[in-house]
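[1] give me a model of this one.
(chains A and B)
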Amino acid sequence: MTPMALLEGRNLRKTYRLGRHTTVEALRGVDFRIQQGEMVAIMGPSGSGKSTLMHILGLLHAPDLNHGPRPELFFDGRDMVALGEAERTRIRARQMGFVFQDFNLVPTLTALENVMLSREYAGIRGPAARDAAGEALDLVGLAGRGNHRPGELSGGEQQRAAIARALVNRPSLILADEPTGNLDSERSAEVLALLRLFNREHGQTFILVTHDPEVGGACDRVVRMRDGRVRDHALAALPGPADRAPRAAVAMA
Amino acid sequence: MRLLRNLGRRKARTTLTILGITIGIWALVVFGSMANKINALVAGGSEFYAGKVTATGKGGGMAFGSPLAISTADRIAGLASVDVVVPGVTMLMSDEISGVSMGMPQMIIGQVAGADRGRESFAFHYASGRALTQEDEGSDVVVLGSDIARQLDTQVGDSLTLRGERFLVVGILEPTLTAPDTTAIVPLAAGQRLYVRTLPSLVAAELDPATVVSGLTIYPRDGADPEAVAAAIRAADPDLETMTAADFDRQIGSATSILNSILVGIALISLAVGGLSVINTMAMSVAERTREIGIKRAIGGGRLRIVRELVTESALIGFLGGAVGLALGAALVVIANEAGRASGTVLFQLTPGTALTAVGFSTVLGALAGFVPALHAARLDPVAALRYE
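    Below you'll find the predicted structure:
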């Protein structure tokens, strides 16, 4: 029995218009499939289309509809291509989590309030939001730092707060764009371990866009991109298939 | 509170923007209070003239008409539509122009108390002392309007000089915010004596004060139209000019509505400037927070919520500006009125309606000014916003 695909895209294309006559074909027809509970890295050189793919998978942008074969994008068994902005925002709020490279946090809000923001966008307010946010900060090791503003936190702490925010709604999919891009190797390893932990313990699905081979190496699978196309879906050397088996069980439960 | 932290990001800029609104609302409060006062004077006049006709002698180059023989009153009283005629005298308290005065001039009026036989509906209330009675005819007593009493620092039992004669103060009126505040009321006989002194001496020498009045107050019979009665009076005595409530509204109403428009116009221009500065501030805020807005949108903050946050913030700027402007405007109104009272010039009247309108208006203005930048923010592409430098 194969686990059901959490996210599946076909014929994903995206052309950006830069000027009147200049366009960039960022994605030239990509098929992408990720199982529930998988942790996948999207790698490739700058301009390969990896960020664009993440934005489409994360419903931040819509794939092009006006040329080529009709694109498909199924998330949780539901077609996303035709959804309007309001509904896509709603799905981002309730079923997805996002971690970006830097400037993840709202500077005027404390770490706790930043995490609560995500909870509020998912429709939960008041003490319930505060408690959940506090727990999420505990889980990422920021207990006691919740009342600090982003400016008072180190880069690694900020990234962990962002992860807490991405996880607080227990979303089925977390998308991270260069989550370790601005961190030194030690902090980077900490953040990566944290993501891996949630992937294993809670069966949450992760898509990581990265330049960093270490990050790629820590994932189940690496999708390599070049010139707007997927080059190969190589399985990462580590961890081995034996490590993945129990997680698949969690995902199916 | 999160909202206040956002305002606190750029304290100097927020303060200046609030100050811009403050100036506009200050102007609105001050000029609005001035318009209120003028409108109250007009309304008071309108009320005073309601249901009666006043008649004065035509022309003669004198402010209150040429003198009339008191026998005119009896002739007019004989008209079918006329119920009661009260002869009286009206004159300025002093011929000197007392500085720059936008308020009502100080007046002396003389009538026989009770001559209206209960027809006068304009009710006086006494702060101290008593009303004049018919028995006061022949004595030199006076009832003072509240502003005159305050200005002269006079109390019941004091005496004062009116046009060179000593009068005993027997009553002081409650403030009415209109003409009676600046009026001294004397018995008819005393008023006639004072009135004759205001006339050119050649004319005065020929006259017996007891036979001269300056005007008539005519109360129509029940059901008679004051306009028709006025016409009948003019027909009966071509030397008379009449004034009714409708005439008063025609003469004064149009002048005050122009003045009101000018005052409110000045205030609105100041507010337009204030509103533009709110738009500018919010547009700059949005630009500075572009990445933050990108984050909020990406993690599931809806467009409506982004708009609401920013509009609330700019409404708060408007409200704060309005509240400070109201406070400063109210302070000026109180100080100016206290200072003005000494010279009998109460220029302002700040009503709760004006105060509420000022603050409500500034809050709505702030919200509207924030709306365009907020809409721009909500329409940002989250990905582009995140990459904004």
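[2] which non-adjacent residue is nearest residue B:197?
    residue B:163 (5.7 Å; C-beta to C-beta, 6 or more residues apart in numbering or on different chains). Every residue, glycine included, has its C-beta placed from N, CA and C.
[3] that neighbour - how many residues pack around it?
    By the criterion of other C-beta atoms under 10 Å in any protein chain shown, residue B:163 has 16 neighbours.
[4] same question for the one 4 residues further on.
    Summarising burial for residue B:167: neighbours were counted as other C-beta under 10 Å, giving 23.
[5] and the pLDDT at it?
    Residue B:167 is assigned 94 on the pLDDT scale.
[6] how about it, secondary structure?
    Secondary structure state of residue B:167, per DSSP: H, G, I helix; E, B strand; the rest coil, is strand.
[7] what's near enough to touch the residue nearest to residue B:197?
    Counting by C-beta atoms under 8 Å, 6 or more residues apart in numbering or on different chains, residue B:163 makes contact with B:91, B:93-94, B:108, B:194, B:197-198.
[8] just the closest of those residues to residue A:122, please.
    Ranked by distance to residue A:122 (C-beta to C-beta), the contacts of residue B:163 are led by residue B:93 at 76.3 Å.
[9] how close does the closest one sit to residue B:290?
    69 Å (C-beta to C-beta, to the nearest Å).
[10] next one: residue A:37
    Where residue B:290 is concerned, residue A:37 sits at a distance of 36 Å (C-beta to C-beta).
[11] and the two? Which one has more around it.
    The residue with more neighbours, out of residue A:37 and residue B:290, is residue A:37; 25 against 17, by other C-beta under 10 Å.
[12] is it true that the more buried one touches residue A:202?
    No: if you go by C-beta atoms under 8 Å, residue A:37 and residue A:202 don't touch, sitting 9.2 Å apart.
[13] where does the residue of chain B at minimum distance from chain A sit, in terms of helix or strand?
    Across chain B, the shortest distance to chain A (C-beta to the nearest C-beta) belongs to residue B:300, at 2.4 Å. Per DSSP states H and E, residue B:300 falls between elements, in no helix or strand.
[14] surely it is in contact with residue A:97?
    No: using C-beta under 8 Å, residue B:300 is not in contact with residue A:97, being 9.4 Å away.
[15] which neighbours do those two share?
    In contact with both residue B:300 and residue A:97: residue A:118, using C-beta under 8 Å, 6+ apart.
[16] tell me where the chain has helices.
    No chain specified, so I'll use chain A. For chain A, applying DSSP state H gives helices covering A:50-57, A:85-95, A:111-121, A:126-139, A:155-167, A:185-202, A:213-218, A:241-252.
[17] meant chain B, my bad for not saying
    Going by DSSP H, chain B shows helices at B:2-7, B:11-49, B:71-77, B:146-152, B:188-198, B:201-206, B:226-236, B:245-248, B:254-288, B:290-298, B:303-342, B:352-379, B:382-387.
[18] those helices: which one's closest to residue A:18?
    Nearest of the helices of chain B (C-beta to C-beta): helix B:382-387, 12.1 Å.
[19] can that closest one be found next to chain A?
    Yes: on the criterion C-beta under 8 Å from any C-beta of the partner chain, helix B:382-387 is in touch with chain A at B:382-383, B:386.
[20] residue B:370: what's it in contact with?
    With contact set as C-beta under 8 Å, 6+ apart, residue B:370 has these partners: B:278-279, B:282, B:310-311, B:313-315, B:317.
[21] what's the closest of these to residue B:47?
    Closest approach to residue B:47 among these (C-beta to C-beta): residue B:315, at 39.7 Å.
[22] which residues of the stretch 151-253 of chain A lie near chain B?
    For the stretch 151-253 of chain A, the residues in contact with chain B (C-beta under 8 Å from any C-beta) are A:165-166.
[23] which one is the closest residue to chain B within chain A nearest to, not counting chain neighbours?
    Residue of chain A nearest chain B, by C-beta to the nearest C-beta: residue A:93 (2.4 Å). In space, and not counting its chain neighbours, residue A:93 is closest to residue B:300: 2.4 Å by C-beta to C-beta, 6+ apart.
[24] now do residue A:54
    Counting by C-beta to C-beta, 6+ apart, the residue nearest residue A:54 is residue A:209, at 4.8 Å.
[25] pretty sure the one you found contacts residue A:52?
    No: using C-beta under 8 Å, residue A:209 is not in contact with residue A:52; the gap is 9.7 Å.
[26] what parts of the stretch 1-150 of chain B come near chain A?
    B:2, B:5-6, B:9.
[27] where is pLDDT lowest across those?
    Lowest in pLDDT among those is residue B:2, which has 78.
[28] what about that residue, how many residues nearby?
    Neighbours of residue B:2 (other C-beta under 10 Å): 13.
[29] against residue B:212, how distant is it?
    Distance of residue B:2 to residue B:212, computed by C-beta to C-beta: 78 Å.
[30] contacts only, for residue A:41.
    Residue A:41 makes contact with A:208-210, A:215-216, A:218-219, A:221-223, A:236, according to C-beta under 8 Å, 6+ apart.
[31] cross the residues you listed against strands and list the overlap.
    A:208-210, A:221-223 (DSSP state E).
[32] quick one: buried ones out of those residues?
    A:208-210, A:221-223 (16 or more other C-beta atoms under 10 Å in any protein chain shown).
[33] adding pLDDT and distance to residue B:296, write the residues you listed out as JSON lines.
    Formatted as JSON lines, these follow (pLDDT from 0 to 100; distance: C-beta to C-beta, whole Å):
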{"residue": "A:208", "pLDDT": "95", "distance to residue B:296": "22"}
{"residue": "A:209", "pLDDT": "94", "distance to residue B:296": "21"}
{"residue": "A:210", "pLDDT": "92", "distance to residue B:296": "24"}
{"residue": "A:221", "pLDDT": "92", "distance to residue B:296": "31"}
{"residue": "A:222", "pLDDT": "93", "distance to residue B:296": "31"}
{"residue": "A:223", "pLDDT": "93", "distance to residue B:296": "29"}
